[in-house]
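> Coordinates for the following, if possible.
(chains A, B and C)
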Amino acid sequence: MISTLGHFVLFLALGLSLYAAAGAVFGARTRREDWRASSRNAVLAQFCLVTLAIFLLEYALITSDFSLRYVANNSTRGSLVRYKIAGLWGSLEGSILLWAWLQSLFSALVVARYGDRHEAVMPYVQAVLQGIAAFFLLVMTFAVNPFTPLVPVPPDGRGLNPLLEVTDMLVHPLLLYLGYVGFSVPFAFAMAALITGRLTDEWLKYTRRWTVIAWLFLTGGIFYGGWWSYRTLGWGGYWAWDPVENASFMPWLTGTAFIHSVMIQERKRMLKVWNLALITLTFALVIFGTFLTRSGILASVHAFADGPVGALFLGFLALVLLFSLGLIAYRADRLKGHGELDSIVSRESAFLLNNVVLIGICFTVFLGTIFPLLTEAIRGTKISVGTPYFNRVSVPLGMALLLLMGIGPLIAWGRASWNNLRRNFVKPILVAAAGTAVVFALGVRQAEALLAFCCSFFVVGTIALEFFQSTRARARATGERLPVAFAALLLKSRRRYGGLIVHLGVVIAIIGIAVSSVYKVEREVTLKPQERLEIGPYTIQFHDLRAGEQPTHVLVWANLSVSKGDRPLADLRPGQRFYPNQQSPFASVDARYHWTEDLYTILSTFERDGSSATIKAMINPMMAWIWIGGVVILLGVLVAVLPERRLAMLSVRVKAQAT
Amino acid sequence: MRLLLATALLLGPADGAHAAGSDVEDRVREIASELRCVVCQNLSVADSPSDLAREMRNVVRDQVQQGKSREEVQAYFVSRYGEYVLLAPPKRGFNLLVWGLPFLAVLAGGGVVYLVARRWAEQKPGVRPTVDPVYAERVRRELKDRE
Amino acid sequence: MTWKRLLIPLASVPVILLLAYGFRTDPKAIPSPLVKKPAPEFRLTVFGGGEISLAGLKGKPAVLNFWASWCYPACYEEAPLLEATWRKFKDQGLMVVGVDIQDKEANALEFIQRFGFTFPNAPDPGSKVSIDYGVYGVPETFFVDRHGHIVYKHIGALTPGILEAQVQALLKGS
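This is a model prediction of the structure:
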């Protein structure tokens, strides 16, 4: 019953979505408000229907209704409730339903917020958003239906992949999808601007907050994925340049480039074509990412492919690219901005270079990802393009970006005079030199690490200088105490200072990445009980091997005690989890995480009688700084996008404190 | 600053004393990090926790102890598994595309930026804002007082 | 709109075509460099005792099959075919050798008993032989001719047609 109902609901939602798109366009072209209003209602109705579909599937999952094949494949009777809920996006069909729901939600929000304004443009925004939603609904209604029935009904389900039955599964996919779907909104506005020919910069204004928030979710999703991978998968790393990881990284890169270059368009009305192309590319990369995940053409950890889905997504990708690039080409003559600069050395140039580097990294990642396919097509051989390649090519580009992060915010718009450069950069350069010297004296000799430190000190120096100088100037001008002045400054120029905090977060993360990879120490030793392993300043003693039965698996673990010198530090229990229908066990990592360095242990192999265990231990210095950097980025974005009203109240309170 | 000092201090010892035979281990890890773990998704033989990866590391270790060079070990694995087992494509022939294009693209992009910025700078009719010198002097003096 | 503008959207076409080509490739089927080359030497101890080696085959054409008890369903599908082929052609001079990789002895013996294997099967300690043969997964089967050269590598479960054809080719070749 749920099966037919669910399928019908999706079918209906598809119909409404097509109507909402067509009706909006028709209403716009014939200037009939009744059609437009009706199509707006259709958007809201469609959202309700897709929500209903989600409820139906979740209900089936929570009540373990195995008459649905999807429920049988993604949950078991014994799973915890939260993993039954997460089973919704555990594999292909459900993930498409989740995407469709988020797409409907976002287009309903856009319609509710802006629907009755801008009658020239909004109908097309709505049409594009509904068109995208319609595609995802189409894939479900005609190809991979989450409500497919299963006959005969099995007594129990197969369950989620054990790797996914963790709390992280509740967070990571949602963050990523919110980012992906979020980018469809500025894309829709850009398309509407192109279709209607209203190519002023208004569309940027409306979508700025959407873009930044979508970027925030995508950044959060990527960082969270790395964190999950590090803590759980047992190889001690957080990023493997897997094709699907790359697929989330590429839109992030173009999205970052877009956020920066729109600042130029806002101030100087230049780069219109470029910005439209960037947001188109970002959205196209989002679709490319879903295509890679679901087509099965590249082997990957995340890939979950099925039948015609890949072809459908490729077709949609082709449609998106041809349509949007075609529109840009069509309107190109109307988009010529009047670019004017006082001098080549200016913030505009720094931002343009930022774009070049970011697009350069994106191009590298894209090329590396599809090169095996290209090689197979042209040479007929299969090759791999993996971590050594990506690291070697993107690290220099990353350093260049780091430098630009320091230079960009402090160089003047339009024209940078010598005075301007001298005043703003001499001190940070001194800080960089001094810091690098100190770090060198302390034993850091590796070129990459030194370069990373040098550039990072420079950037931190520029940010600190900016904060300090502005706070001091404001304090002098208004008589506020320094902390109050600082807070008021943050609230007043949110974008600028929020942006600087984001840069600070990026620097912290880059330092973490550089140091943890260059100075990683690893040892793998086979130990008998009571034997010890020395790694760095730590001594790890292996006591014994134990086994215990958990509700879903058998856990075998080694009891280790860690000491530093003669001071006992921690007890660690790395182990392996054996699941009944999995051929090889899953690692159960145990580590001591600390802001200075992580001591990470894995149980590699063991003798069944407990007579010996092979322990792999790793020291990852400053690994935590990567996650801390991510949190700082989050804070920076929040500062940058805080809404006006709440800010006004806060600044009133701050002023009251000052007097 | 103190933060970074403390961390750098901690880095010192980790970089320091090596156990005997660890030169071999370092070379094994270096070579293994460029080989693909054949039963994993995208991990290197050095990183992968799987059993087969460990056994492949043992094979690498045997060969290193026999004095084979990095190229020879790689050639052995390529002769059994094909080029696919190398995690980064060797820098020759068609593969030069994937190694060279990114840098070319960035250089080209930088060149375009330079040309575009120069064109924009030339387009602006060099208007220099003129300021009343008396006023400018007063502003300068007052700013100096504040510093 | 001039034809030059059309280049902008058309630039995406080659990428789309390349991705479409991707549907025809199988990311798991990696061609072996050992085909048409001499088969690497191996020496293994068979389950139940005794030794088997390539040299010991002494010019007989051989089917070298890599399997595991956890390899479900593919190895289970081809196992009866292998045993049947062995029984049919052993008098004509064919050798069939099974190599069990990454497995537990108890499970392997159970597998052997389940399918009634009468051809020699050996475990591969340290996976030295499977690494030597560039085995990516199970099942994989190598067809070795009388001169000790690998003529064909099959990835995945064998089908009756392919197995029959390859064995006939091996026996016919001189």
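
> so what's residue C:97 bridging to?
residue C:64 (DSSP bridges).

> From what I see, it and residue C:65 are in contact.
Yes. Between residue C:97 and residue C:65 a contact is recorded at 7.1 Å, counting by C-beta atoms under 8 Å. Every C-beta, even on glycine, is put in place using the N, C-alpha and C of the backbone.

> Now the residue nearest the centre of chain A: which helix or strand?
In chain A, the centroid-proximal residue (C-alpha atoms, centre = their mean) is residue A:218; its distance is 2.6 Å. According to DSSP states H and E, residue A:218 maps onto helix A:202-232.

> The residue of chain B found nearest chain C in helix, strand or coil?
Relative to chain C, the nearest point of chain B is residue B:80 (3.5 Å; C-beta to the nearest C-beta). Judged by DSSP: H, G, I helix; E, B strand; the rest coil, the three-state class of residue B:80 is helix.

> Which element, helix or strand, includes the closest residue to it other than its chain neighbours?
Excluding the flanking residues, the one nearest residue B:80 by C-beta to C-beta, 6 or more residues apart in numbering or on different chains is residue C:134, at 3.5 Å. Using DSSP H and E, residue C:134 maps to neither a helix nor a strand.

> do the longest helix along chain B and chain A meet?
In chain B, with assignment by DSSP state H, the single longest helix is helix B:96-123. Yes. Interface with chain A: helix B:96-123 contributes B:97-99, B:101-103, B:105-106, B:109-110, B:112-114, B:116-121, B:123 (C-beta under 8 Å from any C-beta of the partner chain).

> Show me just the buried residues among those residues.
By neighbour count, with 16 or more other C-beta atoms under 10 Å in any protein chain shown, these hold B:97-99, B:101-102, B:105-106, B:109-110, B:113, B:116-117, B:120-121 as buried.

> got the angle for the helix or strand where residue A:390 lies vs helix B:96-123?
Using DSSP H and E, residue A:390 sits in helix A:387-407. For helix A:387-407 against helix B:96-123, the angle by axes from the mean of the first three to the mean of the last three C-alpha atoms, to 10 degrees is 20 degrees.

> Contacts made by helix A:387-407 with the rest, please.
Counting contacts by C-beta atoms under 8 Å, 6 or more residues apart in numbering or on different chains, the residues outside helix A:387-407 that touch it are A:240-241, A:350, A:353-354, A:357-358, A:360-361, A:364-365, A:368, A:425, A:428, A:448, A:451-452, A:455-456, A:458-459, A:461-463, A:503, A:506-507, A:510, B:33-34, B:42, B:44, B:87-89, B:98-99, B:102-103, B:106.

> rerun that using 7 Å as the cut-off
Helix A:387-407 is contacted from outside by A:240-241, A:350, A:353-354, A:357-358, A:360-361, A:364-365, A:368, A:428, A:448, A:451-452, A:455-456, A:458-459, A:462, A:503, A:506-507, A:510, B:34, B:44, B:87-89, B:102, B:106, using C-beta atoms under 7 Å, 6 or more residues apart in numbering or on different chains.

> Put the buried members of the residues you listed into a PyMOL selection.
In PyMOL, this line selects whichever of the contacts of helix A:387-407 come out buried by 16+ other C-beta under 10 Å:
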select buried, (chain A and resi 240+241+350+353+354+357+358+360+361+364+365+368+428+451+452+455+456+458+459+462+503+506+507+510) or (chain B and resi 34+44+87+88+89+102+106)
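
> pLDDT wise, what is the closest residue to chain B within chain C at?
Nearest to chain B in chain C, going by C-beta to the nearest C-beta, is residue C:134, at a distance of 3.5 Å. pLDDT recorded at residue C:134 is 93.

> do residue A:298 as well
On pLDDT, residue A:298 comes in at 69.

> go on, residue A:365?
96.

> can you check the one 5 residues further on too?
Model confidence at residue A:370, given as pLDDT, is 92.

> Run a quick neighbour tally on the residue lying closest to it once chain neighbours are set aside.
Once flanking residues are discounted, residue A:370 sits nearest to residue C:18: 6.5 Å by C-beta to C-beta, 6+ apart. Residue C:18 is flanked by 16 other residues according to other C-beta atoms under 10 Å in any protein chain shown.

> Name the next helix or strand downstream of the helix or strand hosting residue C:18, please.
Following DSSP H and E, one finds residue C:18 within helix C:12-21. As assigned by DSSP H and E, the chain's next helix or strand after helix C:12-21 is strand C:43-45.

> what sits against the residue of chain C closest to chain B?
B:80, B:81, B:82, C:32, C:34.

> Please report phi then psi for it.
Phi and psi for residue C:134, reported as degrees, to the nearest 10, are phi 60, psi 40.

> Got phi/psi on residue C:101?
phi -110, psi 150.

> Could you report the neighbour count for it?
Look at residue C:101: counted by other C-beta under 10 Å, it has 24 neighbours.

> and residue B:147, what pLDDT?
Looking at residue B:147, its pLDDT reads 55.

> Over to residue A:394?
Residue A:394 is assigned a predicted lDDT (pLDDT) of 89.

> what's the spacing between residue A:392 and chain C?
Here residue A:392 is placed at a distance of 24 Å from chain C (C-beta to the nearest C-beta, to the nearest Å).

> where does the chain dip in pLDDT?
Unless you meant another one, I'm taking chain A. A:296, A:298-307, A:336-339, A:414, A:644-652, A:654-659 (pLDDT under 70).

> nope, chain C please
Checking chain C against pLDDT under 70 turns up C:1-2, C:174.
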